[in-house]
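Visitor: Generate a structure from the sequence data that follows.
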Amino acid sequence: MASRKRELFGSLREHASPSGELCLLELGCGTGANFQFYPPGCRVTCVDPNPNFEKFLIKSIAENRHVQFERFVVAAGENMHPVADGSMDVVVCTLVLCSVENQERILQEVRRVLRPGGAFYFLEHVAAEHSTWNYFWQQVLDPVWYLLFDGCNLTRESWKAVERAGFSKLQLQRIQAPLSVALVRPHIYGCAVK
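Guide: Residues are numbered from 1 along each chain as shown. Reported below is the predicted structural model:
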């Protein structure tokens with residue numbers, strides 16, 4: 001998915017503040033795999049509920065010196081209270097909405113931390129078209145998948161939550177990701193502007 005991420009994150013700089021600075025919050029940062037796609041000088045704050053990811057982030061920061069790491073906040077996306085209102089130019093969320101407790105609450109928090117004109121970038125696997133065999137197997141295997149993959153849901157229609165979130169502009173595309181596991185090939189990606 002590296003080429004899709006390059007394409008998606010290629011416009012991050014367009015959302016820099018008037019001073020030219022780009023403050024980015026990555027929601028569900030994991031090990032920092034997206035850092036390589038961020039523009040030079042970008043100031044990155046990471047939010048993840050798992051405190052154990054911090055040690056992996058340190059390694060990723062060392063490998064991606066073009067970004068400026070600000071801080072790691074241990075918090076769930078539904079409650080990012082340590083992050084100030086309107087303090088971020090961009091929020092990035094990749095492969096997170098499939099496993100969160102409350103998509104609507106997270107998207108409210110995303111809108112809260114974004115400054116006016118700020119952007120939300122997302123890349124998520126989603127439910128397949130309902131009339132397909134892939135969707136049938138997603139439904140059959142979803143309970144086991146959820147247990148095996150840390151609360152990940154195969155049948156989430158995350159595009160609906162993004163569409164309802166109240167962004168002023170939304171660019172959303174659907175793709176079949178070039179992945180070996182058909183169950184997670186259906187993806188959405190795009191950008192929403194506050």
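
Visitor: and the longest strand for the protein?
Guide: strand 114-125 (DSSP state E).

Visitor: Could I get the average pLDDT for the helix or strand just after that strand?
Guide: Counting by DSSP states H and E, the next helix or strand C-terminal to strand 114-125 is helix 133-148. On average, the pLDDT along helix 133-148 is 94.

Visitor: and the direction of helix 133-148 versus that of strand 114-125, what angle?
Guide: Inter-element angle recorded for helix 133-148 and strand 114-125: 110 degrees (by axes from the mean of the first three to the mean of the last three Cα atoms, to 10 degrees).

Visitor: Contacts for helix 133-148, please.
Guide: Residues outside helix 133-148 that contact it (Cβ atoms under 8 Å, 6 or more residues apart in numbering): A127, A128, E129, C152, N153, L154, T155, A182, L183, R185, P186. C-betas here are computed from N, CA, C, even on glycine.

Visitor: Enumerate every residue touching the residue positioned nearest the centre of the chain.
Guide: In the chain, the residue lying closest to the centroid (Cα atoms, centre = their mean) is C93, at 0.9 Å. Neighbouring residues of C93 by Cβ under 8 Å, 6+ apart: E26, L27, G28, G77, I106, V110, F120, Y121, F122, L123, E124.

Visitor: S11 now?
Guide: Here S11 is in contact with C191 (criterion: Cβ under 8 Å, 6+ apart).

Visitor: mean confidence for whichever strand or helix holds the residue nearest to the centre of the chain?
Guide: Element membership for C93 (DSSP H and E) is strand 88-94. When pLDDT is averaged over strand 88-94, the result is 96.

Visitor: about what we covered before: quick one: which two of the contacts of helix 133-148 are the most distant?
Guide: E129 and C152 (19.6 Å; Cβ to Cβ).

Visitor: From the neighbour counts alone, determine which of the two ranks first.
Guide: Counted by other Cβ atoms under 10 Å, E129 and C152 do not tie: C152 has more neighbours, with 17 against 9.

Visitor: quick one: which helix or strand includes that one?
Guide: Counting by DSSP H and E, C152 is part of no helix or strand.

Visitor: State the phi and psi torsions of it.
Guide: Backbone torsions of C152, given as degrees, to the nearest 10, read phi -70, psi 130.

Visitor: Was I right to think it contacts C98?
Guide: Yes. Judged on Cβ atoms under 8 Å, C152 makes contact with C98 at a distance of 5.0 Å.

Visitor: The worst-scoring helix or strand of the chain on mean pLDDT: which residues count as buried?
Guide: Counting by mean pLDDT, DSSP states H and E, the weakest-scoring helix or strand in the chain turns out to be helix 54-63, with a mean of 88. Applying a neighbour-count criterion of 16 or more other Cβ atoms under 10 Å, one finds L57, S60, I61 buried in helix 54-63.
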